[in-house]
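Engineer: could you work out the structure for the sequence below:
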Amino acid sequence: MKLEEIRTFAKAQGLSTARRSKSALIKSIQSNEGNFSCYATATRAVCDQGNCLWRDDCFIDAAKLGE
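Structural biologist: The predicted structure is shown next:
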C-alpha cells in the first residue's frame, strides 16, 4: 500500500500522520485497532497474523530491514 493511502487510512481513524514513516503509521493503526503493533518485524517471513491488512508489505519491509 502506498504511503498516501496509509495516511488516509490513519486520518480516518483520527491518528496524526505528520512526519511519520510508513512503518510508524502502520504500527499506530495496528495499535489503535487493538492488534499487535508488529509491522516489519516478521523474521524469515513467519507471522501468525493471517488476516493482517499489512501482511504482504510487512514481509517485504522486514526483509529490507534484515539485509
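Engineer: C-alpha only now, for contacts and for neighbours.
Structural biologist: Noted.
Engineer: where do the helices sit along the chain?
Structural biologist: 3-12, 22-32, 55-65 (DSSP state H).
Engineer: give me whichever of the ones you listed is most buried.
Structural biologist: helix 22-32 (a mean of 19; mean count of other CA atoms under 10 Å).
Engineer: residue contacts, the residue nearest the centre of the chain?
Structural biologist: By CA atoms, centre = their mean, the chain has its centre lying nearest to I26, at 3.1 Å. Neighbour list for I26: I6, A10, S37, Y39, W54 [criterion: CA atoms under 8 Å, 6 or more residues apart in numbering].
Engineer: try it again at 10 Å.
Structural biologist: By CA atoms under 10 Å, 6 or more residues apart in numbering, the contact set of I26 is 3, 6-7, 9-10, 20, 32, 37-40, 53-54, 58.
Engineer: again with S23
Structural biologist: With CA under 10 Å, 6+ apart, S23 has these contacts: L3, I6, I29, S37, C38, Y39, A40, D57, C58, D61.
Engineer: report the separation between the nearest residue to the last one once chain neighbours are set aside and A10.
Structural biologist: Meaning D61. Using CA to CA, 6 or more residues apart in numbering and skipping the chain neighbours, the partner closest in space to D61 is A40 (5.4 Å). Plainly put, A40 is 17 Å away from A10 if you go by CA to CA, to the nearest Å.
Engineer: is A40 in contact with K27, as I believe?
Structural biologist: Yes: A40 is in contact with K27 according to CA atoms under 10 Å; the separation is 9.1 Å.
Engineer: spit out the residues that contact those two alike.
Structural biologist: Common neighbours of A40 and K27 (CA under 10 Å, 6+ apart) are W54.
Engineer: in this structure, where is pLDDT below threshold?
Structural biologist: By pLDDT under 70, the low-scoring segments of the chain are 67.
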